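Just to be clear, the model below is a prediction. Sequence and coordinates:
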Amino acid sequence: ETGVTQTPRHLVMGMTNKKSLKCEQHLGHNAMYWYKQSAKKPLELMFVYNFKEQTENNSVPSRFSPECPNSSHLFLHLHTLQPEDSALYLCASSQEGLNTEAFFGQGTRLTVV
Amino acid sequence: GENVEQHPSTLSVQEGDSAVIKCTYSDSASNYFPWYKQELGKRPQLIIDIRSNVGEKKDQRIAVTLNKTAKHFSLHITETQPEDSAVYFCAAMTTSGTYKYIFGTGTRLKVLA
């Protein structure tokens, strides 16, 4: 285990549903990230949080809504998604300022039907 | 915006041969360059990294070179083995504004036995 845990591992949702993805890290890091991995754009950065503050929104549609209540937890709230949003959503964490690696969770495989 | 280009997208080599993957980054402020390996159905994991104050780093069969002037960095795998088959991602850590990792588009490496 790398210390970054994502739940659920798999999620199937309808276009009118509302669901949330959860990420938790036990590494004491102060930065957390959401990436979308699909065949078209592998490892596409979505959001960055540093010290609980959102510092990057990479032009992500508003149907994706992140939340970072503390440095250890990160959520991605989903509503009215489209089939093209089906992908693997990866959470990662790192220690800002140390030029060290980002640790990834195992991802949530999302299918929108 | 920041961008990382990676080539080739697919690479097939015979077992025992060497494999080279090349990346180019756009942000001159980038100072940390990790390489990740992602096996099928698993999370990306760091295999080697290099910081901007060195030009080369080696770890057993894996080496990375960095040319900051040209904004190029490369991954070299020698004596390839079937278990090296995976998708490899390069990344550049940019500190322009927000600390974040920008990833290349990935290289699918197949080592043929």
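Arrived safely, thanks for sending.

Pull the contacting residues for the residue nearest the centre of chain A.
Compute the mean C-alpha point of chain A, and by CA atoms, centre = their mean the closest residue is A:Trp34, 3.1 Å away. Contact partners of A:Trp34, counting by CB atoms under 8 Å, 6 or more residues apart in numbering or on different chains, are A:Cys23, A:Leu45, A:Met46, A:Phe47, A:Pro66, A:Leu74, A:Leu76, A:Tyr89, A:Leu90, A:Cys91. Yep, even glycine has a C-beta here, placed from its N, CA and C like the rest.

so how far is B:Pro8 from it?
When distances are taken as CB to CB, to the nearest Å, A:Trp34 and B:Pro8 turn out to be 28 Å apart.

How about A:Leu11?
Spatial separation of A:Leu11 from B:Pro8 under the definition CB to CB is 33 Å.

in the lowest-mean-pLDDT helix or strand in chain A, what counts as buried?
Of all the helices and strands that make up chain A, strand A:53-57 has the lowest average by mean pLDDT, DSSP states H and E, namely a mean of 83. Judged by neighbour count (16 or more other CB atoms under 10 Å in any protein chain shown), strand A:53-57 contains these buried residues: A:Glu56.

For chain B, tell me whether that strand is touching it.
Yes: Strand A:53-57 is in contact with chain B by CB under 8 Å from any CB of the partner chain, via A:Thr55, A:Glu56.

Give me the residues contacting that strand.
Surrounding strand A:53-57, the residues in contact under the criterion CB under 8 Å, 6+ apart are A:Leu45, A:Met46, A:Phe47, A:Val48, A:Tyr49, A:Pro66, A:Cys68, B:Gly97, B:Thr98, B:Lys100.
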